[in-house]
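**Q** The amino acid sequence is not available; the structure is as follows:
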């Protein structure tokens with residue numbers, strides 16, 4: 001399972017009870033938790049822009065040590081271009097980062113856990129779990 005950035009950000013904030021409960025469930029069921037390298041960039045971007053950089057850096061670092069990072073590869077890049085082309089044709093474009101995360105999941109045969117179902121459900125063939 002690849003966990004989307006929206007879920008990870010709320011997990012780091014620690015205030016959304018649904019997210020915290022879902023994270024506990026994943027741990028309890030020993031479900032493999034992964035993130036796309038795209039989410040790594042998004043998390044670090046947020047931490048480095050934060051007013052409390054040291055605290056945010058430590059939280060991001062700890063989180064990333066607890067998951068598997070799936071790299072955005074050449075295969076992912078091709079799949080992302082295919083997804084983007086299809087979404088443009090349908091007039092249903094989503095953020096490029098979300099396209100890249102979806103492509104990573106599809107090329108790694110992973111589902112995506114997200115709080116942003118509205119965007120990710122536009123990507124055909126992508127298995128979603130929403131929170």
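**A** Looks like it arrived, so ask away. For clarity, every value in this text was computed on a predicted model and none was experimentally measured.

**Q** Give me the residues contacting stretch 109-126.
**A** For stretch 109-126, the external contacting residues (CB atoms under 8 Å, 6 or more residues apart in numbering) are 1-4, 6-7, 10, 19, 22, 26, 34, 70, 83, 86-87, 90, 92, 94-95, 98-99, 101-102, 104-106, 127-131. Glycine gets a C-beta too; all of them are placed from N, C-alpha and C.

**Q** Buried among those residues? Need that as a selection in ChimeraX.
**A** Buried members of the contacts of stretch 109-126, defined by 16 or more other CB atoms under 10 Å, are picked up in ChimeraX with:
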select :1,2,3,4,6,7,10,19,22,26,34,70,83,87,94,98,99,101,102,104,105,106,128,129,131
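
**Q** Now, the contacts of stretch 109-126 that are in strands?
**A** Mapping those onto strands (DSSP state E) picks out 2-3, 34, 70, 128-130.

**Q** Against which helices or strands is the longest helix along the chain packed?
**A** Longest helix in the chain, counting residues (DSSP state H): helix 74-90. For helix 74-90, the packing partners by 3 or more CB pairs under 8 Å, 6 or more residues apart in numbering; DSSP states H and E come out as helix 96-107.

**Q** quick one: average pLDDT of the helix it packs on?
**A** On average, the pLDDT along helix 96-107 is 98.

**Q** Residue 2: what's it in contact with?
**A** Here residue 2 is in contact with 34-36, 70, 101, 104-105, 108, 110-113 (CB under 8 Å, 6+ apart).

**Q** SS state for residue 45?
**A** Here residue 45 is recorded as helix under DSSP: H, G, I helix; E, B strand; the rest coil.

**Q** And for it, the neighbour number?
**A** As a burial measure, residue 45 scores 13 neighbours (other CB atoms under 10 Å).

**Q** can you confirm residue 113 is in a strand?
**A** Yes - counting by three-state DSSP, residue 113 falls inside a strand.
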